[in-house]
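Q: I would like the atomic coordinates for the input below:
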Amino acid sequence: MIARLLFYLLGSYAFIVAAMYMLQRHLQYFPDTASPGVPADSGLQDTEALTVQTADGLENVAWFMPPKEKDGHIIVMFHGNAGHIGHRNLKARHFWAQGYGVFMCEYRGFGGNKGKPSEEGFYADARACLARLEADGYSASQFVLYGESIGTGVAVQMALEIQPKWLVLEAPFASAADVAKLKYFWLPVDVLLKDRYDSIKKIGDVRSSLLIMHGDEDMVIPQSQGKKLFEAANHPKEFASILGAGHADLYDFYAGYVVTDWLEKKE
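A: Modelled structure (predicted):
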């Protein structure tokens, strides 16, 4: 009887593991598939809606607010795994009001774009956004790569590839596997996980000036994850603990000014 019970338990566990493996991207990504409409619908005036062609043939939407000066900084934003670019309008308005350009890169499967989210797909989308900026006459020396949550994994990969002057990470993780283990401690995450966003293995080869911002009450990605990534990063670097902030409300605690003040110090 005990042997039979163990057999059923192991069989049930194996079934759950197989199901989690098959469904993992549905648990990792939470896209708003609806179109964000035109930028003005999100309160973003003076913003151009662009079509960005990826290397694998997708046509993604992106929004661009040019810098006040042609050679000014451009915040290239890679958002988190929920919603779409229209939901980041508050952040975009803050930077544009300070004179910065803002390029809001949208992912496959998000914001009315075709395709399905994946790590390599997100990297392809990001490369297409950077290529579009350069094709329009802007220089990589102007780019401030900005990642939010899962977008920090995208930003770190792009920083590894183009080595920009500035890299800003909001609520980052050391790796997606580290975060998954906190929630699914009973699963063999290291074996199962497809989209790993292994920033901790990459950050040591990034030479950009780095700012990490992380809420001290973040219950989604604990601040310890941001600190772990920070410790592995090269100098110059700065860590800003946003007191009282959780995962998605850093701009309610003036995080935008943390970024612009940091950039002004780097001039």
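Q: The residue sitting nearest the centre point of the chain sits in which helix or strand?
A: Using CA atoms, centre = their mean, the residue of the chain that lies closest to the mean C-alpha position is residue 151, 0.7 Å off. Counting by DSSP states H and E, the element that carries residue 151 is helix 150-162.
Q: Residue 132 now?
A: In this structure, residue 132 sits in helix 119-135 according to DSSP H and E.
Q: Tell me, how many residues neighbour residue 82?
A: Residues near residue 82, counting by other CB atoms under 10 Å, number 14. C-betas here are computed from N, CA, C, even on glycine.
Q: what do you get for the one 10 residues further on?
A: When neighbours are counted by other CB under 10 Å, residue 92 registers 25.
Q: got the contact list for it?
A: Remark: with contacts taken as CB atoms under 8 Å, 6 or more residues apart in numbering, residue 92 is in contact with 44, 47, 63, 65, 77, 102, 104.
Q: Which residue, neighbours along the chain excluded, lies closest to the second one?
A: Meaning residue 47. Of all residues beyond its chain neighbours, the one nearest residue 47 is residue 39 (3.6 Å), with distances taken as CB to CB, 6 or more residues apart in numbering.
Q: Correct me if wrong: that neighbour contacts residue 49.
A: Yes: here residue 39 lies in contact with residue 49, judged by CB atoms under 8 Å, at a distance of 6.0 Å.
Q: which neighbours do these two share?
A: In the contact map built from CB under 8 Å, 6+ apart, the residues linked to both residue 39 and residue 49 are residue 63.
Q: Counting neighbours around each, name which of these two comes out higher.
A: The residue with the greater number of neighbours, taking residue 39 and residue 49 and applying other CB under 10 Å, is residue 39; the counts read 21 against 16.
Q: starting at the chain centroid, how far to stretch 25-36?
A: When distances are taken as CA atoms, centre = their mean, to the nearest Å, stretch 25-36 is centred 14 Å away from the chain's centroid.
Q: Please apply the same query to stretch 115-135.
A: When distances are taken as CA atoms, centre = their mean, stretch 115-135 is centred 12 Å away from the chain's centroid.
Q: would you put the C-alpha positions of it in PDB?
A: C-alpha atoms of stretch 115-135 as PDB (Å, rounded to 0.1, in the frame of the first residue of the first chain):
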ATOM      1  CA  GLY A 115       4.100  36.900 -32.000                       C
ATOM      2  CA  LYS A 116       4.500  35.300 -28.600                       C
ATOM      3  CA  PRO A 117       6.700  36.500 -25.700                       C
ATOM      4  CA  SER A 118      10.100  34.800 -25.100                       C
ATOM      5  CA  GLU A 119      13.600  35.800 -24.000                       C
ATOM      6  CA  GLU A 120      15.200  35.500 -27.400                       C
ATOM      7  CA  GLY A 121      12.200  37.200 -28.900                       C
ATOM      8  CA  PHE A 122      12.400  40.100 -26.500                       C
ATOM      9  CA  TYR A 123      16.100  40.500 -27.400                       C
ATOM     10  CA  ALA A 124      15.200  40.600 -31.100                       C
ATOM     11  CA  ASP A 125      12.600  43.200 -30.400                       C
ATOM     12  CA  ALA A 126      15.100  45.400 -28.500                       C
ATOM     13  CA  ARG A 127      17.800  45.100 -31.100                       C
ATOM     14  CA  ALA A 128      15.200  46.300 -33.700                       C
ATOM     15  CA  CYS A 129      14.400  49.300 -31.600                       C
ATOM     16  CA  LEU A 130      18.000  50.300 -31.200                       C
ATOM     17  CA  ALA A 131      18.600  49.800 -34.900                       C
ATOM     18  CA  ARG A 132      15.600  52.000 -35.800                       C
ATOM     19  CA  LEU A 133      17.000  54.800 -33.700                       C
ATOM     20  CA  GLU A 134      20.400  54.600 -35.300                       C
ATOM     21  CA  ALA A 135      18.800  54.400 -38.800                       C
END
